[in-house]
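> the following block contains a protein sequence and its predicted model.
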Amino acid sequence: MKCNLFLLILCAISFSSCKKDNTTNSSREQYLTAHQWKYSIIGEDANADNQVDFNLLPIVTCRQDDVLQFNTNKTLVITDGANVCSASDPQISAGNWALLNSESVLQIGTTSYTIISLDANNGTAWTMNGSQRIIIGITKL
């Protein structure tokens, strides 16, 4: 009987000391900071169904080759590619970012983006620009 009790206690201790494996349950912060990103889509969502109704990325060609780096110290560095929006724009710009509301909102500077989806390879979010609902998509480099 003492042997069975000892084995039962040993098993309980063994199971309780195991660490949970978080490799399949990454947080959105881990996804964002894991690598660099580029824009995959920028568009208007006219009927608020989380789908782009009018793709603006071909019009905003200066954003197509930008590289976004979300750093673990909560800074965002955006490096303009060869296609710049304005000759007076800096090649590299930086700002701050944060995840809010249980990682459902991405705050970049003073702009809030409601996250539609985000995984290790792609992300989409929406924000309001005046009366326009804009969807922005990113994909990993």
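On my side now, so go ahead. Bear in mind that the values here come from a model prediction, so they are computed numbers and not experimental data.
> leaving out the residues flanking it, which one is nearest to the residue nearest the centre of the chain?
Centroid-nearest residue in the chain, with Cα atoms, centre = their mean: residue 32, separated by 4.3 Å. Distances taken as Cβ to Cβ, 6 or more residues apart in numbering place residue 70 nearest to residue 32, at 4.0 Å, with adjacent residues excluded. (Glycine included, C-beta is placed from N, CA and C.)
> I'd guessed the one you found sits against residue 97; true?
Yes. Residue 70 is within contact range of residue 97, at 6.0 Å (criterion: Cβ atoms under 8 Å).
> overlap of the contact sets of these two?
Common neighbours of residue 70 and residue 97 are listed as 32, 76 (criterion: Cβ atoms under 8 Å, 6 or more residues apart in numbering).
> more crowded one of the two?
residue 70 (22 against 19; other Cβ atoms under 10 Å).
> what segments of this structure are helices?
2-16, 28-33 (DSSP state H).
> could I have the shortest one exported to PDB, CA atoms only?
Output for helix 28-33, consisting of C-alpha atoms alone and laid out as PDB, is shown next (Å, rounded to 0.1, in the frame of the first residue of the first chain):
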ATOM      1  CA  ARG A  28       0.000  38.200 -31.600                       C
ATOM      2  CA  GLU A  29       3.000  40.100 -30.200                       C
ATOM      3  CA  GLN A  30       5.200  37.100 -30.900                       C
ATOM      4  CA  TYR A  31       3.900  37.000 -34.500                       C
ATOM      5  CA  LEU A  32       4.500  40.700 -35.100                       C
ATOM      6  CA  THR A  33       8.000  40.700 -33.700                       C
END
